[in-house]
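A.B. asks: Have a look at this prediction, sequence included:
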Amino acid sequence: MVKCKVREWLNQILNGDCVEQMKRLPDGCADAVFADPPYNLRLGQKTLYRPEDQTAARAVRDDWDSFESIAAYDKFTREWLTEAQRVLKPDGTLWVIGSYHNIFRVGGAMQDLGFWILNDVIWVKTNPMPNFRGTRFTNAHETLIWATPRKTGKYTFNYDTMKKLNGGKQMRSDWALDICLGAERLKDDDGKSLHTTQKPSDLLRRIILSSTRAGDVILDPFFGSGTTGAVAKELGRNWIGIEQEADYIAPAMARIDAVRPADLSAFEVPAKREEIKVAFKELLDAGLLYPGQTLVGARGDRVMITRDGGLTHALHGKGSIHVMAARIQHAVSFNGWDYWSAQKRDGTLVPIDNLRKFVREAKQGMKKAA
């Protein structure tokens, strides 16, 4: 449930300077902030040419990316970070993206202000723009910094969801994703890219799914083409956008209005720590297991269920499903739910974790009914 103190700004784009607009927002109103600030890389020439064939490519030459000096950029960075830190909840997180032009200065400012850095994530561009002059390596990545507003923050990290998105393997801090091209990129009336630095939706999906929950509020102080708002709506989150360039606002809002919410079950996995707890003995109480029944371990070892919900083994004595799994494997600890299967009377095996799911679903149904 979103508190009323922020409802008047919810799912809207505020037009104006990001620092001044953030000052309007109450303390601790955002669960997350995603910031794609100016990179301070404004190029003097209007056109760049590819060295291979001299075809033209558009350079970043927008006024919003122009600063008088490094000192001016640093001052601006400290100002918006200070406000972002204030509007974040104590357990919220900040994501900042940048290139080698600015990310090191932004990271230093964050640490000076007391942000606690959790990860730097490298967005590896699978289809990067070439180095147009052919004088340096092709810049094929950008860096994201993920941080809490203070060291003690108990932040959200949806580990199991990220693992699911990564094909069942632990998500790493290098993300190989395409840059924003084709139909996804917003165009102006002349058919040119509306925003020179529009980020791909897939990047925001990972950020939002990894560190927020459904219903959370995500603030984007550099809203641009509205990618944060579009993906937030798709994934059942709320958003607040701030954008100083009026020309971006109507196209961004039209883009967001066209988004339809996704089926979150296709993306998200409930965190195990948030699941309803089920004790092993509850499986006996539910009649899914019985005293004297044999459990078979992943290595073929066998134990017997006791009346009090423990396990017994001729050599390893008596203990819980976890203790016995660890003893048999000579391990310090082990999750017994992942180790044991129950032997049915016909000799077939069923993992006890599958039986636990039946009990959990029943308890969940009773909780909803109540």
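C.D. replies: Cool, the structure landed. As the structure is a computational prediction, the values presented were derived from the model and not from experiment.

A.B. asks: What ranges does the stretch 51-200 of the chain have for its helices?
C.D. replies: Ranges of helices within the stretch 51-200 of the chain are 70-87, 103-113, 159-165, based on DSSP state H, counting those that start in this stretch.

A.B. asks: For Asp338, grab the count of nearby residues.
C.D. replies: If you count neighbours by other C-beta atoms under 10 Å, Asp338 ends up with 13. For the C-beta atoms, the positions are set from N, CA and C on the backbone; glycine is no exception.

A.B. asks: Distance of it relative to Ala331?
C.D. replies: Separation of Asp338 from Ala331 (C-beta to C-beta, to the nearest Å): 12 Å.

A.B. asks: And for Arg86?
C.D. replies: Distance, Arg86 to Ala331, by C-beta to C-beta: 47 Å.

A.B. asks: Surely Phe76 and Ser66 touch.
C.D. replies: No: Phe76 is beyond contact range of Ser66, at 11.3 Å (criterion: C-beta atoms under 8 Å).

A.B. asks: the more surrounded of those two?
C.D. replies: Phe76 (18 against 14).

A.B. asks: Would you mind confirming that Pro26 makes contact with Val6?
C.D. replies: Yes: taking contacts as C-beta under 8 Å, Pro26 lies within contact range of Val6: 6.3 Å.

A.B. asks: neighbour count winner among the two?
C.D. replies: Neighbour totals were compared for Pro26 and Val6, and Val6 leads with 18 against 12 (other C-beta under 10 Å).

A.B. asks: Any figure for the gap between the residue nearest to the more buried one when sequence neighbours are not counted and Ser210?
C.D. replies: Among residues not flanking Val6 along the chain, Cys29 sits closest, at 4.2 Å (C-beta to C-beta, 6 or more residues apart in numbering). Distance, Cys29 to Ser210, using C-beta to C-beta: 21 Å.

A.B. asks: now swap in Val350 and tell me
C.D. replies: Val350 is 33 Å from Ser210, where distance means C-beta to C-beta.

A.B. asks: same thing with Ala109?
C.D. replies: According to C-beta to C-beta, Ala109 and Ser210 sit 23 Å apart.

A.B. asks: Kindly report the same for Leu349.
C.D. replies: Separation of Leu349 from Ser210 (C-beta to C-beta): 36 Å.

A.B. asks: What of Ile256?
C.D. replies: From Ile256 across to Ser210, the span is 21 Å (C-beta to C-beta).

A.B. asks: Leu181 too?
C.D. replies: According to C-beta to C-beta, Leu181 and Ser210 sit 24 Å apart.

A.B. asks: likewise Lys357?
C.D. replies: From Lys357 across to Ser210, the span is 25 Å (C-beta to C-beta).

A.B. asks: For these two, indicate the residue with more neighbours.
C.D. replies: Just comparing Lys357 and Ser210: by other C-beta under 10 Å the higher neighbour count belongs to Ser210, 21 against 13.

A.B. asks: Phi, psi for that one please.
C.D. replies: The phi/psi pair for Ser210 (degrees, to the nearest 10) reads phi -80, psi -30.

A.B. asks: those strands in the stretch 101-250 of the chain, which residues are they?
C.D. replies: Per DSSP state E, counting those that start in this stretch, the stretch 101-250 of the chain carries strands over the ranges 116-125, 141-148, 174-177, 217-220, 238-243.

A.B. asks: And for Gly167, the neighbour number?
C.D. replies: Using other C-beta under 10 Å: Gly167 sits among 7 other residues.

A.B. asks: Could you tell me how many residues sit around Trp9?
C.D. replies: 21.

A.B. asks: I'd assumed Pro26 was in contact with it.
C.D. replies: No: at 9.3 Å, Trp9 does not count as touching Pro26 under the criterion of C-beta under 8 Å.

A.B. asks: need the contact list for Glu234.
C.D. replies: Arg205, Val259, Arg260, Pro261, Ala262 (C-beta atoms under 8 Å, 6 or more residues apart in numbering).

A.B. asks: of all these, which two lie farthest apart?
C.D. replies: Arg205 and Arg260 (14.8 Å; C-beta to C-beta).

A.B. asks: out of these two, which sits in the busier spot?
C.D. replies: Arg205 (19 against 6).

A.B. asks: Report pLDDT for Met129.
C.D. replies: Model confidence at Met129, expressed as pLDDT, equals 78.

A.B. asks: mind checking how far it is from Thr77?
C.D. replies: Taken as C-beta to C-beta, the span from Met129 to Thr77 is 25 Å.

A.B. asks: tell me the contacts of Lys89?
C.D. replies: Residues in contact with Lys89 (C-beta under 8 Å, 6+ apart) are Gly28, Cys29, Ala30, Asp31.

A.B. asks: repeat for Val87
C.D. replies: Shown in contact with Val87 (C-beta under 8 Å, 6+ apart): Met22, Leu25, Pro26, Asp27, Gly28, Cys29, Ala30, Val33, Leu219.

A.B. asks: Quick one: buried ones out of those?
C.D. replies: By neighbour count, with 16 or more other C-beta atoms under 10 Å, these hold Met22, Leu25, Gly28, Cys29, Ala30, Val33, Leu219 as buried.

A.B. asks: that older thread, give me the subset of the contacts of Lys89 that lies in helices.
C.D. replies: Among the contacts of Lys89, no residue falls in helices (DSSP state H).

A.B. asks: need those in CSV with pLDDT and distance to Arg136, can you?
C.D. replies: Formatted as CSV, the contacts of Lys89 follow (pLDDT from 0 to 100; distance: C-beta to C-beta, whole Å):
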residue, pLDDT, distance to Arg136
Gly28, 95, 43
Cys29, 95, 42
Ala30, 96, 37
Asp31, 97, 39
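
A.B. asks: Trp239: which of the residues you listed is nearest?
C.D. replies: Distances from Trp239 to the contacts of Lys89, taken by C-beta to C-beta, are shortest for Ala30, at 9.5 Å.
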